[in-house]
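Q: Sharing a model that was predicted from the sequence below.
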Amino acid sequence: MDNQSQLKTCYDEQGYFVIRNYFTSSEISSLRQVISKFHERWKQDNVDFYQEEAFNSSLITGSQYLECEDRVQLFNFISSTKIMKLVDSVIPNNPAFMNTQLFFNPVNPQQKDFWHRDCQYDLDVEDQKKAIQETQVVHLRIPLFDELGMELVPGTHLRWDNDEEFNVRQEEKGRVSSEELSLGKKIELAAGDLLVFSADMIHRGLYGLDRLALDMLVFDSSANFVDYVDDDCLPSLSMLDKIINPELFLTTMQLKSQ
């Protein structure tokens, strides 16, 4: 499936789509080199957190762990024609860059993966119900190694939880967020695949194998998400000349300057 209108229909109805072997082995190899550099430096700087509970990091494009050249490489990858074609298919009007995240296995083997909607960490239940009816944040997940992938509940970007989903996700009535959900759909991912999904659908990452996946987050610029963007993860003015297609970042920078 590579027709953009088909992908848009799939995303609108199900909340996600996956394209197999979207990236070449050389594209993944180049990306893996930069991301591994970030990851090793981040782990050294966050030893206790990494050992005890971490399963992801963020601000990969920031200046703390990567040199300018590596950051420019990442910015060019994120805004490449290959990726922007898909971003534009799900957010046709002025998509904006929000952040990057890196997902990995927790060190503690007892730590379990868990169901959630991204919006639950900022909003109470009533506001979560509103959030899923409004403009949504989109994740583009790029696994750097073969992994167990994601488990999603299709269509939940458009509807509220049923009783089972709510009790598990919110850990109500004795349920825990790592339990199986009857409508969950597992999507294994291999290096080179791309999964595009709504941040507000019910989902969980599946721990295991050599999990190391880069997520890019983008949003519709008409939505009020710009406060979530860290200035340091945007390109500097001097970098913009080295970014072939900087519009995704320029949109965010314009929003922040308003």
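A: Perfect, thanks for sending it.
Q: mind saving the C-alpha coords of the lengthiest helix in the chain as PDB?
A: If you go by DSSP state H, the chain has its longest helix at helix 25-45. Provided in PDB are the C-alpha atoms of helix 25-45 (Å, rounded to 0.1, in the frame of the first residue of the first chain):
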ATOM      1  CA  SER A  25      19.300  -0.800   4.600                       C
ATOM      2  CA  SER A  26      21.800   2.000   3.900                       C
ATOM      3  CA  GLU A  27      19.200   4.600   5.100                       C
ATOM      4  CA  ILE A  28      18.700   2.600   8.300                       C
ATOM      5  CA  SER A  29      22.400   2.000   8.800                       C
ATOM      6  CA  SER A  30      23.100   5.800   8.600                       C
ATOM      7  CA  LEU A  31      20.300   6.600  11.000                       C
ATOM      8  CA  ARG A  32      21.400   3.900  13.400                       C
ATOM      9  CA  GLN A  33      24.900   5.300  13.600                       C
ATOM     10  CA  VAL A  34      23.600   8.700  14.700                       C
ATOM     11  CA  ILE A  35      20.900   7.400  17.000                       C
ATOM     12  CA  SER A  36      23.400   4.900  18.700                       C
ATOM     13  CA  LYS A  37      25.700   7.800  19.400                       C
ATOM     14  CA  PHE A  38      22.900   9.700  21.100                       C
ATOM     15  CA  HIS A  39      21.700   6.600  23.000                       C
ATOM     16  CA  GLU A  40      25.200   5.700  24.400                       C
ATOM     17  CA  ARG A  41      25.800   9.300  25.600                       C
ATOM     18  CA  TRP A  42      22.300   9.600  27.000                       C
ATOM     19  CA  LYS A  43      22.700   6.300  29.000                       C
ATOM     20  CA  GLN A  44      26.000   7.500  30.500                       C
ATOM     21  CA  ASP A  45      24.400  10.700  31.600                       C
END
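Q: And it, what does it pack against?
A: strand 56-58, helix 68-78, strand 95-104, strand 212-220 (3 or more Cβ pairs under 8 Å, 6 or more residues apart in numbering; DSSP states H and E). All C-beta spots, glycine's among them, are computed from the backbone N, C-alpha and C.
Q: what's the closest of the ones you listed to residue 173?
A: Minimum separation from residue 173 across those (Cβ to Cβ) falls at strand 56-58, 28.1 Å.
Q: where along the chain do the helices fall?
A: Using DSSP H, helices in the chain cover 4-14, 25-45, 47-52, 68-78, 81-90, 125-131, 163-169, 237-240, 247-257.
Q: buried ones in the second one?
A: Right, the one you point to is helix 25-45. Using 16 or more other Cβ atoms under 10 Å as the test for burial, helix 25-45 gives 28, 31, 32, 34, 35, 38, 39, 42, 43.
Q: swap in the fifth one?
A: Neighbour counts over helix 81-90 (16+ other Cβ under 10 Å) mark 83, 84, 86, 87, 88, 89, 90 as buried.
Q: any idea which of those residues is closest to residue 255?
A: residue 87 (15.9 Å).
Q: Thought residue 219 was touching that closest one, still the case?
A: No - if you go by Cβ atoms under 8 Å, residue 87 and residue 219 don't touch, sitting 10.3 Å apart.
Q: In contact with residue 72, which residues?
A: Neighbour list for residue 72: 235, 239, 242, 243 [criterion: Cβ atoms under 8 Å, 6 or more residues apart in numbering].
Q: My error: substitute residue 62 in the last question.
A: 71, 230, 232, 233.
Q: Could you work out the most separated pair of those residues?
A: Maximum pairwise distance in the contacts of residue 62, criterion Cβ to Cβ, is 13.4 Å, between 71 and 230.
Q: And those two? Which one has more around it.
A: residue 71 (23 against 12; other Cβ atoms under 10 Å).
Q: Chain neighbours aside, what residue packs nearest to the more buried one?
A: Spatial nearest neighbour of residue 71, excluding adjacent residues (Cβ to Cβ, 6 or more residues apart in numbering): residue 61 at 5.7 Å.
Q: backbone phi and psi for the one you found, please?
A: phi -80, psi 0 (degrees, to the nearest 10).
Q: burial of it, as a residue count?
A: Residues near residue 61, counting by other Cβ under 10 Å, number 25.
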